[in-house]
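Enquirer: predicted model follows, preceded by the sequence.
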Amino acid sequence: MHQPDILSDTFSTLRLHANLYFHARFAGDFSIAVPQERRSIRFHLIREGSCHLRVPGREAVLLDTGDLAIIPNGASQILSARPDSTPVSLEQAMTTGSMEDGTLSFGKGEPQVRMLCGYARFDEAADHPVLTTLPSSMVLCPAVLQDEPCTHTALRLLAMESEQSAPGATGVLSRLLEVLLLHAVRHVAASGNTVQPGFLAALQDVRIARALQAMHGKPQAAWTIASLAGEAGMSRARFAERFGELVGVPPISYLTAWRLIKARSLMAGTSLSTEAIAARCGYASVTSFTRRFKQEYGMGPGAFRKTV
């Protein structure tokens with residue numbers, strides 16, 4: 001039986017979608033503070049020149065031509081010519097600068113930096129642990145991706161496409177940003193560079209990953225601790241302990257949350273009836289499904305469907 005790609009399945013179910021803010025041209029001794037914005041994932045591709053990026057709790061990092069910075073969780077950030085300069089707000093930069101043909105220009109003199117700024121949004125009410133274990137910033141750098149040809153090629157394609165103005169360019173850039181986000185998360189998972197043990201660490205544990213694949217592949221199944229432990233090839237007690245250590249919640253709590261996230265995705269993206277969605281997500285009755293959905297999200301499935 002085909003095993004589900006857990007990471008792809010998760011981001012697809014969260015309805016991740018990337019888009020562009022604008023191109024930017026900053027000059028001189030610029031310093032711009034970008035505010036917190038919900039839980040959006042922000043992107044900055046350095047098309048030419050270099051600049052420093054600061055996020056809360058981290059030292060400034062230097063971004064060079066071709067680098068792609070990814071800042072999860074809508075975190076505030078500072079983009080600047082020098083790492084310790086005092087910033088102006090993005091709102092002020094947009095007021096005192098100029099916006100022409102989709103390009104924000106701010107500052108005067110040399111040096112200059114050109115960048116592409118974008119974002120990815122998702123169903124923020126569908127809270128999933130894959131997002132809480134990401135670093136406060138991730139940087140994909142062509143110079144250090146020679147041993148990862150797929151990521152390196154996607155990053156080069158993003159840089160090349162950002163210089164185009166052909167029809168469909170915005171759509172291509174948006175899809176490439178989504179691809180590169182998955183590459184970045186996959187890279188973080190493989191390197192173990194997470195903020196804390198969590199979902200990404202769980203994906204690297206072969207036994208726990210098997211249990212996650214079972215839950216993602218058949219959310220409608222009547223899973224128990226014992227049956228999930230069997231999928232993992234572990235004792236019931238050791239499985240429950242290990243799963244909780246890595247994912248941060250007990251297995252059945254994760255299963256319950258995943259079923260509801262899946263239900264939201266089906267409600268938003270299909271015309272399936274509430275009865276069919278309840279059955280696909282492991283609920284024996286519409287009544288129990290509706291009650292649990294409303295407890296989690298503050299509205300029933302029907303009311304939620306009307307909002308999307």
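Expert: Structure received.

Enquirer: do I have it right that residue 254 meets residue 215?
Expert: Yes. The criterion here is CB atoms under 8 Å, and residue 254 meets it with residue 215 at 7.1 Å. For the C-beta atoms, the positions are set from N, CA and C on the backbone; glycine is no exception.

Enquirer: any idea how far residue 31 is from residue 23?
Expert: Remark: distance between residue 31 and residue 23 (CB to CB, to the nearest Å) = 19 Å.

Enquirer: got it, and residue 8?
Expert: Residue 8 is 29 Å from residue 23, by CB to CB.

Enquirer: show me which of these two is the more surrounded one.
Expert: residue 23 (18 against 12; other CB atoms under 10 Å).

Enquirer: got the contact list for stretch 159-176?
Expert: 17-20, 23, 45, 47, 66, 116, 118, 154, 157-158 (CB atoms under 8 Å, 6 or more residues apart in numbering).

Enquirer: could you list every helix and strand in contact with the lowest-mean-pLDDT helix or strand in the chain?
Expert: Sorted by mean pLDDT, DSSP states H and E, the helices and strands of the chain end with helix 129-132, the least confident at a mean of 82. Applying 3 or more CB pairs under 8 Å, 6 or more residues apart in numbering; DSSP states H and E, one finds that helix 129-132 contacts helix 6-13, helix 199-203.

Enquirer: next SSE downstream of it?
Expert: strand 138-140 (DSSP states H and E).

Enquirer: which secondary structure elements does that following strand contact?
Expert: Secondary-structure packing of strand 138-140 (3+ CB pairs under 8 Å, 6+ apart): strand 68-71, helix 169-191.

Enquirer: could you single out the most deeply buried of those?
Expert: strand 68-71 (a mean of 25; mean count of other CB atoms under 10 Å).

Enquirer: quick one: mean pLDDT for that one?
Expert: The average pLDDT for strand 68-71 rounds to 96.

Enquirer: domain ranges for the protein?
Expert: According to automatic domain parsing, the chain comprises the domains 17-191, 205-307.

Enquirer: how far is the last one from where the chain is centred?
Expert: The chain centroid and the centroid of domain 205-307 are separated by 20 Å, computed with CA atoms, centre = their mean, to the nearest Å.

Enquirer: and the residue with the largest distance to the centre of the chain, how far from residue 218?
Expert: With distances taken as CA atoms, centre = their mean, the residue sitting farthest from the centre of the chain turns out to be residue 109, at 35.7 Å. With distances taken as CB to CB, residue 109 is found 61 Å from residue 218.

Enquirer: if we can go back for a sec, where among the domains of the chain is average confidence lowest?
Expert: Taking the mean pLDDT of the domains of the chain, domain 17-191 comes last: a mean of 91.

Enquirer: run the chain-centre distance for that domain.
Expert: 13 Å.

Enquirer: from what I can see residue 209 touches residue 203, true?
Expert: Yes. The criterion here is CB under 8 Å, and residue 209 meets it with residue 203 at 5.4 Å.

Enquirer: spit out the residues that contact those two alike.
Expert: residue 6.

Enquirer: who's more crowded, those two?
Expert: Neighbour count, other CB under 10 Å: between residue 209 and residue 203, residue 203 has more, with 22 against 16.

Enquirer: isn't that one right next to residue 212, touching?
Expert: Yes. If you go by CB under 8 Å, residue 203 and residue 212 touch, sitting 7.3 Å apart.

Enquirer: list residues touching both of these two?
Expert: In contact with both residue 203 and residue 212: residue 6, using CB under 8 Å, 6+ apart.

Enquirer: between the helices and strands packed on helix 129-132, which one is nearest to residue 124?
Expert: helix 6-13 (13.4 Å; CB to CB).

Enquirer: tell me what the closest one is packed against?
Expert: Counting contacts by 3+ CB pairs under 8 Å, 6+ apart, helix 6-13 is packed against helix 129-132, helix 169-191, helix 206-217, helix 251-269.

Enquirer: make JSON lines out of those and add distance to residue 102.
Expert: Converted to JSON lines, these look like this (distance: least, CB to CB, whole Å):
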{"stretch": "helix 129-132", "distance to residue 102": "29"}
{"stretch": "helix 169-191", "distance to residue 102": "9"}
{"stretch": "helix 206-217", "distance to residue 102": "39"}
{"stretch": "helix 251-269", "distance to residue 102": "29"}
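
Enquirer: among the ones you listed, which is nearest residue 78?
Expert: Nearest of those to residue 78, taken as CB to CB: helix 169-191 at 20.6 Å.

Enquirer: what's the angle between that closest one and helix 6-13?
Expert: Orientation of helix 169-191 against helix 6-13 (axes from the mean of the first three to the mean of the last three CA atoms, to 10 degrees) gives an angle of 140 degrees.

Enquirer: rewinding a little: in strands, which of the contacts of stretch 159-176 fall?
Expert: Here DSSP state E is the test, and the contacts of stretch 159-176 give 17, 18, 19, 20, 23, 45, 47, 116, 118 as lying in strands.
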